[in-house]
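Q: sequence and predicted structure below; questions after.
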Amino acid sequence: MKRLLLLGLLLVTTPVFAINTSILRRGERIGVLRMNGQFDVAAERTVANAIESALPRALRDRGFDAFDAKSTYDDVRRGDGPNAAFYVEVVGAHARDREAVGVGVGAENVYANIGVVVSRVAAEVRLYDGKTLELLDRFELSKKSTAVVPTAVGIGGRFFWASLALPFVQYGQYRNAAHDVARQAAEAIARTAAP
C-alpha cells in the first residue's frame, strides 16, 4: 500500500514540478522580426516601421537583450535568420485617422486650416520560441491619439490661390502612437517574464 501511495505521489508531483511557469527571463536574447506584408497604404507602412524600430529599444529598457533580426518569420523558419531564445513579430499594423473638427483661419493673403485629428494605431504582436518557433503568446494592442494640428496652409491673392495639405503632421501622430504600441508590447512581454 505504501509503495502504491509513493508511486501515486510521484506521478502527481512530477508533472507539477515540470511546469515552467515563466516563459522567458530577463536578459534573454529576443529577435524582433520584420513584417512579411506589403502595404497598400503608406500610413500603415509608417506604423509598421515605427513599431519595428522602437520595439527592440523598449525591450532593452526592460532588461532583455533585444535586437533587430533583419529577417522575417519565413526567413527564420527556413533557418536563414540569426539565433535567438525568442522572436517577436509585429503582424497586421493598422492606421486610421479622421479630422473631427476643422477650422479655416485667414488674414490678408495667408490661410491655414487647423483641425482636431483623431488617429488610431493597432497591431498584433506575437511571441515565438526561438528553437521550435512555437507561438507562445499574442497581444492585440492599440493606441488612440487626439491632437490639434495644422492640416493645410495656403497663400494667394486676387487672381491666384495655392493650398498645400500637410499629411506629415498625421504621420508624426502615427509614429507617436506606434511608439506607444511598442512600449505596450514590451510591457506585455515583460509581464510574461520571471520576476
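A: Good, I have the coordinates. If you're wondering where the values come from, they're calculated on a predicted model, not measured in any experiment. Residues are numbered from 1 along each chain as shown.
Q: any idea how many residues pack against residue 122?
A: Look at residue 122: counted by other Cβ atoms under 10 Å, it has 17 neighbours. For the C-beta atoms, the positions are set from N, CA and C on the backbone; glycine is no exception.
Q: again, but for residue 157
A: For residue 157, the neighbour count with other Cβ under 10 Å is 8.
Q: quick check: it touching residue 108?
A: No - with contact defined as Cβ atoms under 8 Å, residue 157 does not reach residue 108; the gap is 9.2 Å.
Q: can you pull out the strands in this structure?
A: Here the chain has its strands, by DSSP state E, at 29-34, 65-72, 86-107, 110-129, 135-156, 161-165.
Q: surely residue 34 and residue 52 touch.
A: Yes - because the distance of 6.3 Å satisfies Cβ under 8 Å, residue 34 is recorded as touching residue 52.
Q: put the alpha carbons of stretch 181-195 into PDB.
A: Only the C-alpha atoms of stretch 181-195 are listed here, as PDB (Å, rounded to 0.1, in the frame of the first residue of the first chain):
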ATOM      1  CA  VAL A 181       2.200  50.500 -29.100                       C
ATOM      2  CA  ALA A 182       5.800  49.300 -29.000                       C
ATOM      3  CA  ARG A 183       6.000  50.200 -25.300                       C
ATOM      4  CA  GLN A 184       2.800  48.300 -24.600                       C
ATOM      5  CA  ALA A 185       4.200  45.300 -26.400                       C
ATOM      6  CA  ALA A 186       7.400  45.400 -24.400                       C
ATOM      7  CA  GLU A 187       5.400  45.700 -21.100                       C
ATOM      8  CA  ALA A 188       3.200  42.700 -22.100                       C
ATOM      9  CA  ILE A 189       6.300  40.600 -22.900                       C
ATOM     10  CA  ALA A 190       7.900  41.700 -19.700                       C
ATOM     11  CA  ARG A 191       4.800  40.600 -17.800                       C
ATOM     12  CA  THR A 192       5.300  37.000 -19.100                       C
ATOM     13  CA  ALA A 193       8.900  37.100 -17.800                       C
ATOM     14  CA  ALA A 194      10.000  35.700 -14.500                       C
ATOM     15  CA  PRO A 195      10.500  38.300 -11.700                       C
END
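Q: run the chain-centre distance for it.
A: 12 Å (Cα atoms, centre = their mean, to the nearest Å).
Q: over to stretch 45-61?
A: With Cα atoms, centre = their mean, you get 6 Å for stretch 45-61.
Q: report the rounded mean pLDDT for it.
A: For stretch 45-61, mean pLDDT is 87.
Q: which of the strands of the chain sits most buried?
A: Highest mean neighbour count of the strands of the chain: strand 29-34, a mean of 22 (counted as mean count of other Cβ atoms under 10 Å).
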